[in-house]
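Asker: Predicted coordinates and the sequence they were generated for:
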Amino acid sequence: MIADPATFRFKGETGAALVTVLLLVSVMAIGTVVTFDALGYSIKRSSAQRQFDQASLYALGGEQLAIAAAESLYGAGVQLNEPRPVSFEIEGGRIDGVISDASNCFNVNSLVQRREVGTYVAQAISVQQYKRLLRAAGFSDRQVDQLAATLVDWIDSDSRPAPSGAEDYDYGALDRPYRTANTLITDISELHLIKGYDASVMSIVAPLVCASDTVTPSVININTLTVDHAALLIGLVGGGFSVENAVELILSRPGKGYDNVADFWLEPMLAAREVEQSVRRQTSVKPQRFISRIRVKHFDATSSLTSIIQVDDTGAGRLLSHQRGVLP
């Protein structure tokens, strides 16, 4: 008996339909798996972002606590010879931080003074202090003149280069040209852009300088000066004051520090010197500039924040700058 051809066509179509259905089911299954994987990844990413955002907020909260601590330390006249650690337990982790005295540095922005018209011009007294600092740090007279001149030219408002200095023309001739800032420096890392401040120079200069948001000279804390700060003291005192003199003066400091600035200036090495009152006001017996380093661990997220805090003569603290993820 011969089978009906229609029967073969029906069976063939049934097999093709079954293959098509199986193929569709497979595609749908793969799509479902991919969708759930993407959804799971999205949920994890959102959760991680929430944890990081919360950790960042905790770090900012820690920064406010650091400002309050700086005000308290200044008011109490604490010398802060060593960093002051602080830790807090939080849900899912902890906040660890330290606050240190960061007063002992030369404010590079004090190399200029602000005119009423809003322009910046060189401040002769500060320039001389900076040159003495550089010379005490081991630089030659030629290097001292260049490093001081190029730094002033970078900040001041005019476009006329000082002797040994550099202005727009010098930087514009580079392979990757740029212009001078003609305004205050916001971060010491900016010095890398200035002519003469290569890596070897920065390794010596960076630990001795800082950048405030004003042209006011830094007030150094004579009770926390170390022998590494000898160049700062020489820059301040001047007049043939040697590295040996500075080191001896620092090492002979009273064990509990000076009670007041007058006692420091009455030291035998300094008493006979004629020092202007403006220079004397650049010394203090307590810190006025602080650095806080905060690290937050919140579940799987970590956030770090380094902050520079200034306390004025009234004892009020304010944030000068902060950077995330900077914990030396």
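Answerer: Thanks, I have the structure now.

Asker: C-alpha from now on. contacts and neighbour counts both.
Answerer: Will do.

Asker: how does this protein divide into domains?
Answerer: As assigned by automatic domain parsing, the chain contains the domains 82-102+287-328, 106-217, 219-286.

Asker: closest one to residue 62 among those?
Answerer: Taking Cα to Cα, domain 82-102+287-328 is the member of those nearest to residue 62, at 6.8 Å.

Asker: mind listing the helices for the stretch 151-300 of the chain?
Answerer: Listed in chain order, the helices of the stretch 151-300 of the chain (DSSP state H, counting those that start in this stretch) span 168-172, 199-205, 230-237, 243-251, 261-265, 268-271, 277-280.

Asker: Just put the domains of the chain in JSON lines and tack on mean pLDDT and mean neighbour count.
Answerer: Formatted as JSON lines, the domains of the chain follow (pLDDT from 0 to 100; neighbours: other Cα atoms under 10 Å):
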{"stretch": "domain 82-102+287-328", "mean pLDDT": "89", "mean neighbour count": "18"}
{"stretch": "domain 106-217", "mean pLDDT": "95", "mean neighbour count": "18"}
{"stretch": "domain 219-286", "mean pLDDT": "92", "mean neighbour count": "17"}
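
Asker: Just send those domains back as a markdown table, with distance to residue 16 too.
Answerer: Below are the domains of the chain laid out as a markdown table (distance: least, Cα to Cα, whole Å):
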| stretch | distance to residue 16 |
| --- | --- |
| domain 82-102+287-328 | 52 |
| domain 106-217 | 67 |
| domain 219-286 | 86 |
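
Asker: nearest to residue 64, of those domains?
Answerer: domain 82-102+287-328 (9.0 Å).

Asker: mind checking how far that closest one is from the chain centre?
Answerer: From the chain centre to the centre of domain 82-102+287-328 is a distance of 12 Å (Cα atoms, centre = their mean, to the nearest Å).

Asker: What of stretch 159-178?
Answerer: 26 Å.

Asker: Name the residues that touch that stretch?
Answerer: 145-154, 179-180, 195 (Cα atoms under 8 Å, 6 or more residues apart in numbering).

Asker: about what we covered before: JSON lines please, covering the helices of the stretch 151-300 of the chain and showing distance to residue 57.
Answerer: Formatted as JSON lines, the helices of the stretch 151-300 of the chain follow (distance: least, Cα to Cα, whole Å):
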{"stretch": "helix 168-172", "distance to residue 57": "40"}
{"stretch": "helix 199-205", "distance to residue 57": "33"}
{"stretch": "helix 230-237", "distance to residue 57": "37"}
{"stretch": "helix 243-251", "distance to residue 57": "41"}
{"stretch": "helix 261-265", "distance to residue 57": "40"}
{"stretch": "helix 268-271", "distance to residue 57": "48"}
{"stretch": "helix 277-280", "distance to residue 57": "41"}
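
Asker: still on that earlier bit, could you work out the most separated pair of the contacts of stretch 159-178?
Answerer: Maximum distance among those (Cα to Cα): 21.0 Å, for 145 and 179.

Asker: Distance of residue 47 relative to residue 151?
Answerer: For residue 47, the distance to residue 151 (Cα to Cα, to the nearest Å) stands at 47 Å.

Asker: Contacts only, for residue 195.
Answerer: Residues in contact with residue 195 (Cα under 8 Å, 6+ apart) are 147, 150, 166.

Asker: try it again with 10 Å
Answerer: Shown in contact with residue 195 (Cα atoms under 10 Å, 6 or more residues apart in numbering): 146, 147, 149, 150, 151, 154, 165, 166, 167, 170, 171.

Asker: tell me the SS of the residue nearest to residue 86 when sequence neighbours are not counted?
Answerer: Nearest residue to residue 86 in three dimensions, chain neighbours excluded: residue 97, at 5.2 Å (Cα to Cα, 6 or more residues apart in numbering). Secondary structure assignment for residue 97 (DSSP: H, G, I helix; E, B strand; the rest coil): strand.
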